[in-house]
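**Student:** Below is the sequence, then the predicted model.
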Amino acid sequence: MGRRGVAVCVVDDEQSIARFSRYATKSVSVPTLADEDETVNTLLRLEQELGLSGWVLFPTRDETAAILSRQRSRLGERMRVPTPPWESFRHAWDKRSTYRLAAQLEIPVPQTWSPDSAEHLEAIDGPLPLVIKPAIKPRFFKATKAKAWRADTTDELRVRFAAATQAAGGEPIMVQELIPGTGAQQFAYCAFFKDGRALGSMVVCRARQHPHDFGRASTYVETVDLPELEEMGERFLRTIDYYGLAELEFKLDEREGEYKLLDFNARTWGYHSLGARAGVDFPYMLFADQVGLSYPSGEARGGVRWMRSITDLPTAVRDISAGRLDAREYVRSVRACDVEAVFSRDDPKPGLAEIALLPYLYFKRGF
C-alpha cells in the first residue's frame, strides 16, 4: 500500500515488524485487539486523535476480523470497514458452519464429527489416525500454538480431545479424517469478491508450510491454474453474498481424486503479496473499491513463487532430514522464488527486525 502512495497506520497489540517499515506512516501499540469493546473504543479513539476519519480498516487476525464484522455499523460511521457482515462472516468464524454450507453446495469436505463430550467419541467410526481441531480457532491457537492435533490411537483421541476442549475454553472441538499428503496436495483459492463474482482471483499450491503436518502458515507458495477450485470457491462465496478478501484452503485427497475444503479465512492471508507480483494486488483492489478509485480486475498468472525464508529454511531442513524433501529440489525452488515475504532491498528494516524478534515470535506464536 505504501509503495502506491497510500498512508498506512499500523495498530498492533504485539511486537509488530510492520512498524519498522519505511512505508508505515504511523504506528501505535495498544493493550489488546482481542477484547471486542476495548478494540472498538481504541479504534474510535485513534480515529479522533490521529485524524483517521474515512480510513480503511484491514484486520489481519481472525478475532480482529470478527470484531470488525460484528461492529460494522458502529465503526462504519467514522471509518471504512471492508469486512463482510456477520451473516457472511460467521461461515468463516465457525468451521462447522463452513462444512455444513460446503456440503449443501456439494463441495467435498473431509468427514467430520462434532462430539459434544468425550462420551460421544465412541460414535466416531472413522479410521485412525484422526485430526482434532477447534471449530473456532483463536482461543485454541493462543493456548496451544497449534492449528490441529493428530491422534493415532483411541486412547490418544480421548486424551487429546479433553486437552483440546480445555485449551479452547469450552468452545466446540471437531474430529476429522486425516487426508494423507504433503504440501504438494495443499491448495488455496484467493479472491477479491464483490456482487457475486471474483474481481480478482488466484489459485496457489501451498507447497511447504510450517509446521509440516498442520501448517499454521505457508512458507513456499506457487500460483497454479486450477479452474475446478475457482468454480468451487466462487460458488461458496456467491452463496453467502460475500464481499471482500477471502482465502479458501483445499487439500487434494488422492484416494478419491477430490479437492476437499479445509478452511475459510475471511481476511488477508500471509502470502497476499504473491498476488501483486502475479498481476492481482488484492489489498489495493479492496482499498480502491472502498474509496471509489478505479482498479484493474483479473486473474493471477501461473508459475509465480513466494517464500518466507525465515520459516521456510528450518521447515526445509527438517523435511530434508526426514527424507520428505530432496535437498537439490529445495535449492532449485529457492532460486526460482519471485517474492520474499518480508525481506526487501528498498525496505530492509522489517526483515532485520524479524530476525531480532525471533525469540519473542517463538514464545508468542510458536514460530
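**Tutor:** Here it is on my side, so go on.
**Student:** Going by C-alpha atoms from here, please, whenever you check contacts or count neighbours.
**Tutor:** Fine.
**Student:** what number of residues lie near the residue nearest to residue 84 when sequence neighbours are not counted?
**Tutor:** For residue 84, ignoring the flanking residues on the chain, the nearest one in space by CA to CA, 6 or more residues apart in numbering is residue 243 at 5.5 Å. Around residue 243 there are 24 other residues, counting by other CA atoms under 10 Å.
**Student:** how near is residue 243 to residue 231?
**Tutor:** Taking CA to CA, to the nearest Å as the measure, residue 243 falls 17 Å from residue 231.
**Student:** same question, residue 330
**Tutor:** As it turns out, when the distance is counted by CA to CA, residue 330 lies 32 Å from residue 231.
**Student:** The two: which has the busier surroundings?
**Tutor:** A direct count of neighbours by other CA under 10 Å for residue 330 and residue 231 places residue 330 higher, at 17 against 11.
**Student:** Could you measure from that one over to residue 305?
**Tutor:** Following CA to CA, the distance that separates residue 330 from residue 305 is 13 Å.
**Student:** Just confirm residue 27 is within a strand.
**Tutor:** Yes - Residue 27 sits within a strand when classified using DSSP: H, G, I helix; E, B strand; the rest coil.
**Student:** Give me the neighbour count for it.
**Tutor:** Other residues near residue 27 number 16, with proximity taken as other CA under 10 Å.
**Student:** Number the residues from 42 up from this point.
**Tutor:** Done: numbering now begins at 42, and the last item shifts to residue 68.
**Student:** What is the three-state secondary structure of the residue lying closest to it once chain neighbours are set aside?
**Tutor:** Closest residue to residue 68 in three dimensions, ignoring its sequence neighbours and counting by CA to CA, 6+ apart: residue 51, at 4.6 Å. Residue 51 falls in the strand class when you classify it by three-state DSSP.
**Student:** do you know how far residue 51 is from residue 62?
**Tutor:** When distances are taken as CA to CA, residue 51 and residue 62 turn out to be 10 Å apart.
**Student:** ditto for residue 330
**Tutor:** Distance, residue 330 to residue 62, by CA to CA: 25 Å.
**Student:** And these two? Which one has more around it.
**Tutor:** Set side by side, residue 330 and residue 62 show unequal neighbour counts under other CA under 10 Å, the larger going to residue 62 at 18 against 15.
**Student:** I'd guessed the more buried one sits against residue 390; true?
**Tutor:** Yes - at 6.2 Å, residue 62 and residue 390 qualify as touching, with contact defined as CA atoms under 8 Å.
**Student:** shared neighbours, these two?
**Tutor:** When contacts are counted by CA atoms under 8 Å, 6 or more residues apart in numbering, the set common to residue 62 and residue 390 is empty.
**Student:** re earlier: distance of the residue nearest to residue 68 from residue 44?
**Tutor:** Plainly put, residue 51 is 15 Å away from residue 44 if you go by CA to CA.
**Student:** Quick check: residue 261 touching residue 251?
**Tutor:** No - in this structure, residue 261 is not within contact of residue 251 by CA under 8 Å, at 9.6 Å.
**Student:** between those two, what contacts are shared?
**Tutor:** Counting by CA under 8 Å, 6+ apart, the residues touching both residue 261 and residue 251 are residue 353.
**Student:** Looking at the two, which is more packed in?
**Tutor:** Set side by side, residue 261 and residue 251 give different neighbour counts by other CA under 10 Å, the larger being at residue 261 (28 against 18).
**Student:** List the contacts of the more buried one.
**Tutor:** Shown in contact with residue 261 (CA under 8 Å, 6+ apart): 247-250, 346-349, 353.
**Student:** So which residue is dead centre in this structure?
**Tutor:** The structure's the chain has its C-alpha centroid closest to residue 310; by CA atoms, centre = their mean the separation is 4.3 Å.
**Student:** Partner strands of the helix or strand harbouring residue 246, with direction?
**Tutor:** Under DSSP states H and E, the secondary-structure element containing residue 246 is strand 238-251. Strands adjacent to strand 238-251 in the sheet, as given by DSSP bridges, are strand 227-235 (antiparallel), strand 258-265 (antiparallel), strand 339-340 (parallel).
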